Structure formats: C-alpha cells, structure tokens
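In: Got a sequence here, can you model it:
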Amino acid sequence: MAKSWVSTIVNELQRERTRLEKELRRVAAALSAFGKMGPWGRKAKPRVGRKHWKISAAGRKRIAEAQRARWAKVRAAKHGK
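Out: Okay, here's the model as predicted:
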C-alpha cells in the first residue's frame with residue numbers, strides 16, 4: 001500500500017514538473033520577443049550610422065554652471081521658508 005501511495009505522489013510531481021517546464025518555455029519565448037522590442041512595443045531599429053555629437057569643454061562648463069545656479073536657487077528657496 002505504501003508503494004502505491006509513494007508512486008502516486010511521484011507521478012503527480014513528474015506531471016507538475018512537465019507542466020512547469022512547458023510554462024517556462026512559454027515565458028522564455030515571451031521574454032525573448034519583448035527583448036527585441038523597442039520602447040513602445042515596436043521592433044527596435046538598429047542604430048547604424050547615427051552620428052554621435054561631442055560637446056566641447058566650454059559647453060560642458062556652461063551647462064554645469066547653469067545647473068549649479070539652478071540648484072543654488074532651489075536651496076535658497078528651501079532655506080528661505
């Protein structure tokens with residue numbers, strides 16, 4: 001009697017393993033499909049031939065100074081309350 005009970009449990013576990021393997025294959029396929037998509041669900045276009053613009057040191061300095069000024073303004077408003 002104990003063997004039939006154990007074999008029933010083993011058979012159930014094997015069926016569950018098979019079901020989970022199928023489910024994992026479906027999930028992997030879905031992830032693979034989404035991995036090939038762009039931000040809005042469309043297929044991502046390859047970025048071939050795009051130009052990469054470089055910013056000069058003076059340009060970076062101007063941007064940094066402007067950002068520091070913005071943060072100083074925020075901090076001054078916070079401490080002024």
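In: ok, which stretches of this structure are helices?
Out: Listed in chain order, the helices of the chain (DSSP state H) span residues 2-35, 57-80.
In: And the last one, what does it pack against?
Out: This means helix 57-80. Counting contacts by 3 or more Cβ pairs under 8 Å, 6 or more residues apart in numbering; DSSP states H and E, helix 57-80 is packed against no other helix or strand. The way it works is simple: take the backbone N, C-alpha and C, and place the C-beta from them, glycine included.
In: Make CSV from the helices of the chain and add mean pLDDT to it.
Out: Formatted as CSV, those follow (pLDDT from 0 to 100):
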stretch, mean pLDDT
helix 2-35, 88
helix 57-80, 93
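In: Just send these back as CSV, with distance to residue 51 and mean neighbour count too.
Out: Listed next are the helices of the chain as CSV, based on distance: least, Cβ to Cβ, whole Å; neighbours: other Cβ atoms under 10 Å:
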stretch, distance to residue 51, mean neighbour count
helix 2-35, 26, 10
helix 57-80, 17, 10
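In: Centroid-nearest residue for this structure?
Out: In the chain, the centroid-proximal residue (Cα atoms, centre = their mean) is residue 35; its distance is 9.3 Å.
In: how close does it get to residue 26?
Out: 15 Å (Cβ to Cβ, to the nearest Å).
In: Equivalent analysis for residue 17, please.
Out: For residue 17 relative to residue 26 (Cβ to Cβ), the value is 15 Å.
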